[in-house]
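In: need a structure here:
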Amino acid sequence: MDSARLERLKALISERQGVPEHEIWPSSRLTEDLGMAGADGWEFVESFADAFEVDITRFQSDPHFGPEAGSPLVGIILGAVVVAGSISLWTVPVSAIGLVAGYRWLSRRSARSGPYTVTVDDLMRYAEAGEWTFDYEQAKLNHNARAR
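Out: Below you'll find the model as predicted:
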C-alpha cells in the first residue's frame, strides 16, 4: 500500500468530514464510520476523483450513500407535527419530541442506507487503478443471494 497516497487520502477525508486523521484506517467505512451519506458522499467522491485523477463515470451514489432526503417518512412526520400542533397547545411538546425522535431515527437509518459499503482501502484501490472499478452487477447478484 502506498503510504504517501494513504496519507493524502486521510488528509482529504479529514478536511471534508472533520474526522481526525489518526481515526481514519484502511478499514474505515465511508458511511458507517466516517459519516458520509447522501449528497455529502457524492461530493466527497467527486473531490476524491479530482485529487487522485480517478475516472468515476461508472460510479453510482445511491447504492453506497443512499438518497439525500432519507425517506418519504420525513414529510409524513412533519405533516403530523403541524396537524397535531394546531389541535391543542398541549400537543406541541409531544409533537416536538416526536419530531426529534423521528428525525434521529431517520438519520441513523439513512446513514446505513446504501447496501454496498466503501472503505478507505477501496478508495486506495480505485486511486491505484485510476478508475472506479466497483462491479455493481456482481454486487447486486451477491446481495440478492444473501437476502434469500
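In: domain ranges for the chain?
Out: 1-67+115-148, 71-112 (automatic domain parsing).
In: among the ones you listed, show the one with the smallest mean pLDDT.
Out: Note on these: domain 71-112 shows the lowest mean pLDDT, a mean of 60.
In: so Arg8 makes contact with Ala51?
Out: Yes: judged on CB atoms under 8 Å, Arg8 makes contact with Ala51 at a distance of 7.1 Å. Heads up, the C-betas are built off the backbone N, CA and C, glycines and all.
In: how about stretch 33-43: buried residues?
Out: Of the residues in stretch 33-43, Asp33, Leu34, Met36, Ala37, Gly38, Asp40, Gly41, Trp42 count as buried by neighbour count, 16 or more other CB atoms under 10 Å.
In: also stretch 46-62?
Out: By neighbour count on 16+ other CB under 10 Å, the buried set for stretch 46-62 is Phe48, Ala49, Phe52, Val54, Ile56, Phe59, Ser61.
In: which one of those is nearest to Tyr136?
Out: Nearest to Tyr136 out of the buried residues of stretch 46-62 is Phe59 (CB to CB; 9.5 Å).
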